[in-house]
Every structure is written in C-alpha cells, then in structure tokens.
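Participant: got a predicted model here, sequence first, then my questions.
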Amino acid sequence: GDDRATVATKDGVVWRLGTGGMEPILDLSDRVRNDGEQGLLGLALHPGDVDRIFVHYSAADGDTVVAEFTGTAGLFDSESERVILRLEQPASNHNGGMLQFGPDGRLYLGLGDGGGAGDQFGNGQNSDTLLAGIVAIDVEGGEAEKVLSGLRNPWRFWIDGETVVIGDVGQD
C-alpha cells in the first residue's frame with residue numbers, strides 16, 4: 001500500500017526500504033548462522049496483520065527455524081519470537097529458503113533434502129520427514145504438513161491459485 005519494500009539479508013537483519021532510505025526493522029543476527037547456504041533465508045509478512053512477520057533462518061546450531069515476531073508501527077521486537085517450527089538439519093547445505101502465505105491462509109516453506117550429494121540421507125522420497133519438500137504450516141497453532149515432496153533444494157517457489165512453480169536445484 002506504499003512505496004516501501006521489506007528485505008531480509010542473510011546475516012539476520014530485516015530491512016524496510018523506501019524513498020527515505022533503509023532502516024532495520026528486525027535484527028536477528030545474534031541467533032542466525034550466516035555461513036555458506038545457511039542464514040536468514042526467507043520472510044513473509046502476515047497477510048491480515050501488519051504487526052506480524054514470519055522468518056525462516058538457520059539457528060546457531062544449524063537447525064532450521066521458522067518463527068513469528070510481533071511489533072508495532074512497522075518495527076518488530078526480536079524478543080517477541082515465537083518458534084512455530086524447529087527442525088534438525090543433517091548438513092549445512094540444502095536448507096531451502098522461501099516463505100509465502102498461500103491462498104488458504106497457511107504459511108508455506110521450502111525445505112531441502114538435508115544436504116550432501118546424491119540425497120545421502122535418503123530424505124527425497126521419505127514421507128516421514130518434512131525435509132525435501134514444500135511444507136504448509138498453520139500459523140495459528142496447527143501442525144506442519146509436507147504437501148509436496150521429492151525436492152532437492154526448493155529455495156524459491158511461487159503459489160498462483162492451484163499452481164505451484166518451484167525453483168529447485170538439481171544434482172548437476
């Protein structure tokens with residue numbers, strides 16, 4: 001509704017960009033592992049509440065974390081963190097990235113297969129893990145559910161009605 005954009009940088013800072021310049025609106029750099037493919041990997045603003053933001057980041061121990069932060073007047077409190085998903089990552093790559101709210105109101109997350117070459121952990125076809133797919137999360141307290149599987153590292157995707165377009169990374 002205005003000329004501003006919200007941007008996440010891999011080091012753990014969320015910025016508001018506008019005609020007046022850049023301003024940090026959330027700083028998570030003290031809890032984000034920014035190394036290789038890990039870091040602050042995605043963000044989504046709540047579609048119905050401007051005082052809620054959701055982020056996907058690599059924790060200091062390498063785990064994948066999806067968390068909600070709240071704030072007022074476009075500034076978010078780093079102490080307001082509510083973790084809605086924490087998932088152990090077996091390696092430091094193939095962490096996925098993007099977050100996006102879908103038309104059904106759920107938050108969608110792209111998660112990689114856990115890393116390494118040739119799906120060494122066997123997650124690509126494993127229905128017992130959230131890794132290697134697109135995950136839907138009910139941010140109001142529901143469960144996380146893998147809705148698309150067999151992916152290597154879906155770092156970007158777009159939901160357009162019933163169609164999902166995925167930017168995945170192949171082996172070679």
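Facilitator: Right, received. Where do you want to start? Residues are numbered from 1 along each chain as shown.

Participant: quick one: average pLDDT of stretch 30-46?
Facilitator: Averaging pLDDT along stretch 30-46 gives 97.

Participant: neighbouring contacts of that stretch?
Facilitator: With C-beta atoms under 8 Å, 6 or more residues apart in numbering as the test, stretch 30-46 has contacts from 6, 8-14, 28, 52-62, 78, 92-101, 107, 109-110, 139, 155. C-beta here means a position set from N, CA and C on the backbone, and glycine is covered the same way.

Participant: need the CA coordinates for that stretch. CSV is fine.
Facilitator: Output of stretch 30-46 as CSV, limited to C-alpha atoms (Å, rounded to 0.1, in the frame of the first residue of the first chain):
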residue,chain,number,x,y,z
ASP,A,30,22.7,-12.8,17.3
ARG,A,31,20.9,-16.1,16.6
VAL,A,32,21.4,-16.7,12.9
ARG,A,33,24.2,-18.8,11.5
ASN,A,34,25.4,-17.0,8.4
ASP,A,35,27.7,-19.4,6.6
GLY,A,36,27.5,-20.9,3.2
GLU,A,37,23.9,-21.8,2.4
GLN,A,38,22.7,-21.0,5.9
GLY,A,39,21.5,-17.7,7.2
LEU,A,40,18.2,-15.7,7.3
LEU,A,41,16.7,-17.4,4.3
GLY,A,42,13.1,-16.1,4.0
LEU,A,43,10.4,-13.8,5.3
ALA,A,44,6.7,-13.3,4.9
LEU,A,45,4.5,-10.6,6.3
HIS,A,46,1.2,-11.8,7.7
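
Participant: so how many other residues sit close to Gly167?
Facilitator: 13 (other C-beta atoms under 10 Å).

Participant: specify the beta-bridge partners of it.
Facilitator: Arg156 (DSSP bridges).

Participant: tell me how far it lies from Val83.
Facilitator: In this view, Gly167 and Val83 are 26 Å apart by C-beta to C-beta, to the nearest Å.

Participant: check which helices and strands the longest strand along the chain sits against.
Facilitator: When the chain is parsed with DSSP state E, its longest strand is strand 64-72. When contacts are defined as 3 or more C-beta pairs under 8 Å, 6 or more residues apart in numbering; DSSP states H and E, strand 64-72 sits against strand 21-27, strand 52-58, strand 82-87, strand 107-111.

Participant: right, I'll leave it there.
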